[in-house]
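Enquirer: With the sequence up front, the predicted model follows.
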Amino acid sequence: MDKEQLASTAQALVAQGKGILAADESTRTLQQRFDSIGLEATEDNRRSYRELLFRTTGMEEFISGVILYDETIRQSAADGTALPKLLSDRGVIPGIKSDSGPVDLTGFPGEKVTSGLDGLADRLAEWARLGARFSKWRAVIAIGEGIPTSMCIEANAHALARNAALSQEAGIVPIVEPEVLMAGDHDIERCEEVTAAVLSAQYSELIAQRVFLEGSLLKPNMVLAGQDCSRQASVEEVAEATVRCFKRTVPAAVPGIVFLSGGQGPQEATEHLNAMNAIGGCPWQLSFSYGRALLEPVLVAWSGEMANAEAAQKAFYHRARCNGAARSGGYTAAMESVAA
Ligand code: 13P
């Protein structure tokens, strides 16, 4: 294992002012996103959409890396350039979604475990040859009556750590993503309690499996009230609870925490990241690895029409720029009204 190279890739992914674009929607998830604009998700539509994103002028100012789906890492731009090369030629690091998605956790109703460990070492070696320098494995943890169980937390922590260890063996930086879902009517205190339990189990497991923490990143949820909770927390409360929770559970050796958006609105996700960075004094970089919060306005602007490509790229550049500013607590609502 080349520890120096892993640590330097991890640091580059959380470079000052930059974050990650999660463009790794599975075919099924992308179909749902395309449904919202009435577009059929054919292979060519998926390819054109990703090419449009990756060709956005100036995105490298704010985007350090892009997470790709297995189909995408094998696709080429209209001019024949492989999509991972299109990214790396402009200094953006290609990554790969390495899990195969959540399945029911047998015997534990309402809970999931992420699949994809069988044959993973071979797939990682192939993805590395195709240009991937980091991987992302996502686990989903639901909050509800009597859940999450400790079995769900442990089974997922184990698989996340296996992916991390195998990725590092292949020279790939693992992004460890244990996502506590926003669905439900639980309050912010319950989310904090569950997130802390998930993260402390996760780091015990990563350490037990001898994962090199300096060459890894964490991709967690923020600490938020459930979507259906009648008392939604303020931006400051979310920032304080999230930073407090992570200080208690995430080792300082981890170079960065790259948040998922998980269903927050685009502007809300930016405000939360900004408020956390405004608190300051954290041992890790606090950055973003957003999917929906970066891409929702892009899909609306694009609507599947190539004639709208420029408007869509502007929308992407704009959100990337706002989140880039939030990396240092320098985002202001006034930035939203300035055309990109
Ligand atoms: P969202 O930001 O849309 O939650 O997606 C991030 C991601 O990569 C989920 O695995």
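Expert: Perfect, thanks for sending it.
Enquirer: Report how many residues lie close to the residue lying closest to residue 332 once chain neighbours are set aside.
Expert: In this structure, residue 332 finds its nearest non-sequential neighbour in residue 325, 7.8 Å apart by CB to CB, 6 or more residues apart in numbering. In this view, the C-beta of every residue, glycine as well, is placed from N, C-alpha and C. Neighbours of residue 325 under the rule other CB atoms under 10 Å: 19.
Enquirer: Number the chain from 51, please
Expert: With the count now opening at 51, the last piece we talked about shows up as residue 375.
Enquirer: Please tell me how far residue 375 sits from the ligand.
Expert: 18 Å (CB to the nearest ligand atom, to the nearest Å).
Enquirer: Any buried residues in the helix or strand harbouring that residue, and which?
Expert: Assigned by DSSP states H and E, residue 375 belongs to helix 359-376. Within helix 359-376, the residues scored as buried using 16 or more other CB atoms under 10 Å are 359, 361-376.
Enquirer: now swap in stretch 378-390 and tell me
Expert: Residues 379, 381 are the ones in stretch 378-390 that count as buried (16+ other CB under 10 Å).
Enquirer: what is the mean pLDDT for that stretch?
Expert: In this model, stretch 378-390 carries a mean pLDDT of 87.
Enquirer: So what touches that stretch?
Expert: Defining contact as CB atoms under 8 Å, 6 or more residues apart in numbering, one finds that stretch 378-390 is touched by 66-67, 317, 320-321, 323-325, 327-328, 330, 364-365, 367-368, 371-373, 375.
Enquirer: could you redo the last one with a cut-off of 6 Å?
Expert: The contact list for stretch 378-390, computed with CB atoms under 6 Å, 6 or more residues apart in numbering, reads 320, 324, 327, 328, 364, 367, 368, 372, 375.
Enquirer: which of the residues you listed sit farthest apart?
Expert: Using CB to CB, the contacts of stretch 378-390 span at most 27.0 Å, a distance reached by 328 and 364.
Enquirer: In a strand, residue 229, correct?
Expert: Yes. Checked against DSSP: H, G, I helix; E, B strand; the rest coil, residue 229 lies within a strand.
Enquirer: Surely residue 225 is in a strand?
Expert: Yes. Using three-state DSSP, the assignment for residue 225 is a strand.
Enquirer: so it touches residue 269, yeah?
Expert: Yes. In terms of CB atoms under 6 Å, residue 225 counts as a neighbour of residue 269; the distance is 4.9 Å.
Enquirer: So the two - more neighbours on which side?
Expert: Higher neighbour count among residue 225 and residue 269: residue 225, with 31 against 24, using other CB under 10 Å.
Enquirer: and stretch 166-180, is it in reach of the ligand?
Expert: No. With CB under 6 Å from any ligand atom as the criterion, the ligand is not reached by stretch 166-180; the gap is at least 13.2 Å.
Enquirer: Which residues does that stretch contact?
Expert: Here stretch 166-180 has contacts from 123, 146, 149, 150, 212, 216, 217, 220, 221, 222, using CB under 6 Å, 6+ apart.
Enquirer: mind checking pLDDT for the fifth one?
Expert: Per-residue confidence (pLDDT) for residue 212: 99.
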